[in-house]
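Engineer: Prediction below, plus the sequence it came from.
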Amino acid sequence: MHETHAQRIERMRRAYREAHDRFVSRLRSVPGDLVERAPAEGGWSAAQIGWHVATVDATFADLVSGARPCQALAEDFRERSWSEIVAALPAKLEASGGSVPPASVTRDAALTALAASSEKLDAALEGLAEDRGSRFGVTHRAMGTVTLAQIGDWAVAHTIRHNAQAKRVLGR
């Protein structure tokens, strides 16, 4: 059965809210000093992971809403399935540019940023017109080209991936 645009958007919004809520719950359920502590072997603290997710979600929202430029896709562009995109991803990705968190992030700062970015992304997805969602997109060095309508699935996968990372960092 083929999803309509409205069904697709609602499915992505629901999945995103669920993944986001699980991630936020993890950050809230652990003492702040543990959330803010970077692993001894290196890497980001759970708070830094949260800040990164919030920053990426805000970028996704700006792309979907039109606040940030995206590319018009060729007439013959065909969306790849999300499972096809995920299967081609490398096991490890490196954040770049403005999505790299500062050296020190508090849990409160991460939670505040996550709340603001999730609200912004949810509103952007809700307002995404079918024509814009299918005819415009972005190209990412690891993901390849995706439509704006696929950004909701990307946000879900990104949040789930980083929630698992935070779980490893926190040991819970």
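Structural biologist: On my side now, so go ahead. None of the values given here were measured: they were computed from a predicted structure. Numbers count the residues shown, from 1 in each chain.
Engineer: Only C-alpha atoms from now on, for both contacts and neighbour counts.
Structural biologist: Will do.
Engineer: Just list the residues touching the residue most central in space within the chain, thanks.
Structural biologist: Centroid-nearest residue in the chain: Ala155, 3.0 Å away (criterion: Cα atoms, centre = their mean). Counting by Cα atoms under 8 Å, 6 or more residues apart in numbering, Ala155 makes contact with 16, 57, 60.
Engineer: Adding pLDDT, write these out as TSV.
Structural biologist: Converted to TSV, the contacts of Ala155 look like this (pLDDT from 0 to 100):
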residue	pLDDT
Tyr16	98
Asp57	98
Phe60	97
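Engineer: Out of these, which is nearest to His5?
Structural biologist: Using Cα to Cα, Tyr16 is the member of those that lies nearest His5, at 16.3 Å.
Engineer: Verify the stated contact: that closest one with Trp154.
Structural biologist: No. Counting by Cα atoms under 8 Å, Tyr16 sits too far from Trp154 to count as a contact (9.3 Å).
Engineer: ok, these two, which is more surrounded?
Structural biologist: Legend: neighbour count by other Cα atoms under 10 Å for Tyr16 and Trp154, higher for Tyr16 (24 against 21).
Engineer: Lowest-scoring secondary structure element of the chain by mean pLDDT?
Structural biologist: Lowest on mean pLDDT, DSSP states H and E among the helices and strands of the chain sits helix 82-87, with a mean of 88.
Engineer: could you point out which element follows it?
Structural biologist: helix 107-126 (DSSP states H and E).
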